[in-house]
Structure formats: C-alpha cells, structure tokens
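In: Fold the following, please.
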Amino acid sequence: MNFLTKIRLIGYSYNFEKDYIKKIIRNLFGICFIILAVFIVAAQIFFGINYLLFYASVLTLILGIFVLLTGDIDAHAPRRLSINNLDPHKELACVCTNGTYGDYYTESFNNQYFVYSDLVNSLLNQYKNKVVFMNDKFELDEELRKLAPFALQQFSTIKNSKLFKARMRLCTDLTPGKLIHREKITVQESDYFSGLCSNELALKEIYSKDFDEPIFNGLSLVRGRDLVTNFEDSRCANLVGINTLLLTSDGKLICEHQDSEYADNYQQLVPSISESLEYPQVSENNLTEFTLQDIVASSINEALEKKYGFNESEISTFLVGYARLLNRGGKPEFFAISITTREFDEICHNQYMDMNVISLSLVKWDPCELSGMANYISTMPNVSIQLYLNCAFLSEQLIENEALQKFLFDNSF
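Out: Presented below is the predicted three-dimensional model:
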C-alpha cells in the first residue's frame, strides 16, 4: 500500500476507521505536551521564570505521557494481530441452505465450497428481473472497519487504483420463485476495498496479542447456525462476480492465468473474463430501464470489447449459471458463454490480450463436442473455482437448454 493510498484511506476514514484517526490525533497532542513541558523546564533552568510555570510543565509532561500511553492501547493495530486460516472442509462442509433458497445445493471443488441451483441456472435467460438501486453506498460495520488495515496487508499486491472504484453489491437472494415471478432485485454501490475487508476474511480467525481468544471469526460472515447467511442479513460487500468463456468463430475457447492484482486465484486458470461487476452510472430518468440479466450480460460484453478490441456487433453473451462461493463469504458469481465473429488469430495479438492465454480447439461444431471440451478444461491442473463452475454450468446447460444450443449453433460465422 503506497503513500497515496494511505492518504486516500484517511480521506475515506469516515467509512473506514475513525478510531485510528483519533489515535493519531491523541499521539500528536501527547507529543506536543511533552515538547512544551521540556521547553518550559529548560526556560526555568536557564532564565529562572516563575516557579508556577515549572509545576505546570511537570503536569504537562505527565499529561503528555498519559495521552501517549492510553492512545497506543489498540488491540486492533495490525502489528498486534496474527491470523489463523480456518479449514474449509471442517467449517463449510456442514453448511446448508434454508427455505429461502429452495432447491439450492452445497458442493465443493478442491476444498472450495459453493451453493448453486440447477433450476435457477436454467431460468436465468428466460426471465428478466428489474433492478432497484439503493441510494446509500454500502458501509462496513464497526468490527470490520477495525480490521481494515490488517485486511489490506494480506493483499499487498492489489493495485491501489482498484480499491475504491465503484462495484455492484447484490442485496437480494436469487431464487426460482423470484426469477419466475420477475420480482425486483436490489443492488447497492460498494467497492473492492470493502470486499477485501469482509468477504475475503470469511475463513480467517484473527487473534490479538492482548487476548487468548480470537477477536474475530470470519465464519460469522458466511453462516449462522450452519445456514448460509441471506444477502438481506449479510455484513459483507458481496460484490457481484462476472465470468465468461470466450468462444471464437474457429472454435477455440479461451482461458487465462490470473495475475497478482486480484484477491484470489493467483496464477490459476480462470475464464476469459473473471472480475467484479462495475456499478452502473444511473439517474432518476433511467432507473426503470435496467434488469439484472441485462446488466450482467452487457458488462461482460463491454469487458470483452475492452480487453480484446471487439466492436459491439462482434460479441454476444448467454448466461449459463449462478453460484455463491462460501470460502469467500458467500460472494455471488455469474457465469456465461460468449461468442465472437472473429477468429482466434485475429485477436491473439491484440494489445489488451493477456499473453498467458490458453486456447483449446473444438473438433466438431456441436453441443456434445463443446460439452466435452468444457469437461476436459475443468479437469486440467491448477483450475480456479470460477473456471470449474463456468465449465460445469456450460456443460449442464448444453444438454437440456435449447435456447443455449440455438444461441451457439444457429449463429452463422
């Protein structure tokens, strides 16, 4: 974390950590009191001023030392904390979904747990749910604010420019009933910083050197009585993740290696796009124009256009799945398949393209072959949970979802 980011955090302190700013002010006052006391004592010795000032200087010195000592007592200071990573198999294997979620199931991949619903996945592209934008930006609660400096130290490779960019927070659980009845979905503005200080602490147990018992257990963020916490009750930022596999017109699926500027999956294989959804710029005039499905699909298209240099007419996206990642505090993730009219050789040298790209070619242009490729990718070494789920949901939907088959194979390239 560089100096400019630290300054930004101080400016952000109203939502960040007021106690640390108070501590800095107390220490400054304490130092000033001590300097003043030393100055008065020196003046008394060399110039023989009024003895009452001498007593005042002694009191000032005592006051300054007292302020410094009491201002430095802070159990949440990063240097006084230690961290213990919790075992996900032990802590998350027993987590279930409650009646709110209906037919959701809990499964795992490489000791990473997630909840999903086949029915929800099949309904994502059949219905449109209008979005309600909350007026207030998400704020961390007091306990998480106190841990913010320590949380940031755990992710020192993340670019400072990413921390405070507006990201979308999901506030409503997705259920089959809400999709079918086209109920409104509430979203809220948040940022990457809040995600690092909440969702990314879900499997962390934090201790202070002053106490034997942990001062924070991240499991409280993801579950209560062995049930997944609903979004309506969640204390986490719950940034919406968007993921897609890009399929070129010559039948190549693109995967990439994740770099160090993200909080998870460093050097693992990830989908073509795997990032947090930006918060859309909205006004009173267009609040009713947005649906969740359209926001996710259009944001994926925009990310692909920027990364690979596509024009709007050269890219299209179809949603294939949705899941909540329990290891990351129940973070919501959407998964898709995107197709482009361009061939792989046309985009592989684009300046925005990651040089670590991995391309896999179809033998035949049909659902079974694409499903087989997706299954093959999911078994490759060093596959991230996002890529695994993207491939799994794509393979499942290819079997039964006629709309997806039409989207993929009725397009002429």
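In: which regions of the stretch 201-350 of the chain lie under the pLDDT threshold?
Out: 225-226, 259-266, 282-288, 349-350 (pLDDT under 70).
In: ok, 80 please
Out: Applying pLDDT under 80 to the stretch 201-350 of the chain picks out residues 208-212, 224-227, 258-267, 281-289, 348-350.
In: What is the burial count for the nearest residue to residue 311 once chain neighbours are set aside?
Out: Spatial nearest neighbour of residue 311, excluding adjacent residues (Cβ to Cβ, 6 or more residues apart in numbering): residue 305 at 7.2 Å. Any C-beta I mention is one placed from the backbone N, CA and C, and that applies to glycine too. For residue 305, the count of nearby residues is 16 (other Cβ atoms under 10 Å).
In: in a helix, that's where residue 305 is, yeah?
Out: Yes. Judged by DSSP: H, G, I helix; E, B strand; the rest coil, residue 305 forms part of a helix.
In: Name the residues of stretch 130-140 that are buried.
Out: In terms of neighbour count (16 or more other Cβ atoms under 10 Å), stretch 130-140 has its buried residues at 131, 138, 140.
In: Sort out which one of those residues lies nearest residue 273 for me.
Out: Lowest distance from residue 273 to the buried residues of stretch 130-140 (Cβ to Cβ) belongs to residue 131, with 20.6 Å.
In: That closest one bridge partners, please.
Out: Beta-bridge partners recorded for residue 131 (DSSP bridges): residue 185.
In: can you give me the strands in the stretch 51-200 of the chain?
Out: Using DSSP state E, counting those that start in this stretch, the strands of the stretch 51-200 of the chain run over 81-85, 105-109, 112-116, 131-133, 166-170, 185-191.
In: need the ones you listed in JSON lines with distance to residue 309, can you?
Out: Formatted as JSON lines, those follow (distance: least, Cβ to Cβ, whole Å):
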{"stretch": "strand 81-85", "distance to residue 309": "40"}
{"stretch": "strand 105-109", "distance to residue 309": "33"}
{"stretch": "strand 112-116", "distance to residue 309": "33"}
{"stretch": "strand 131-133", "distance to residue 309": "29"}
{"stretch": "strand 166-170", "distance to residue 309": "24"}
{"stretch": "strand 185-191", "distance to residue 309": "28"}
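In: Residue 388 against residue 379, yeah?
Out: No. Counting by Cβ atoms under 8 Å, residue 379 is not a contact partner of residue 388; they are 9.1 Å apart.
In: Which of the two has more residues huddled nearby?
Out: Using other Cβ under 10 Å, the more surrounded residue of residue 388 and residue 379 is residue 388, with 20 against 9.
In: In contact with the more buried one, which residues are there?
Out: The neighbourhood of residue 388, defined by Cβ atoms under 8 Å, 6 or more residues apart in numbering, consists of 109, 110, 378.
In: Report how many residues lie close to the last one.
Out: Read it as residue 378. For residue 378, the neighbour count with other Cβ under 10 Å is 18.
In: Per-residue pLDDT of it, please?
Out: You'll see residue 378 listed with a pLDDT of 86.
In: With adjacent residues omitted, what lies nearest to residue 199?
Out: Using Cβ to Cβ, 6+ apart, the nearest residue to residue 199 is residue 329, at 3.6 Å.
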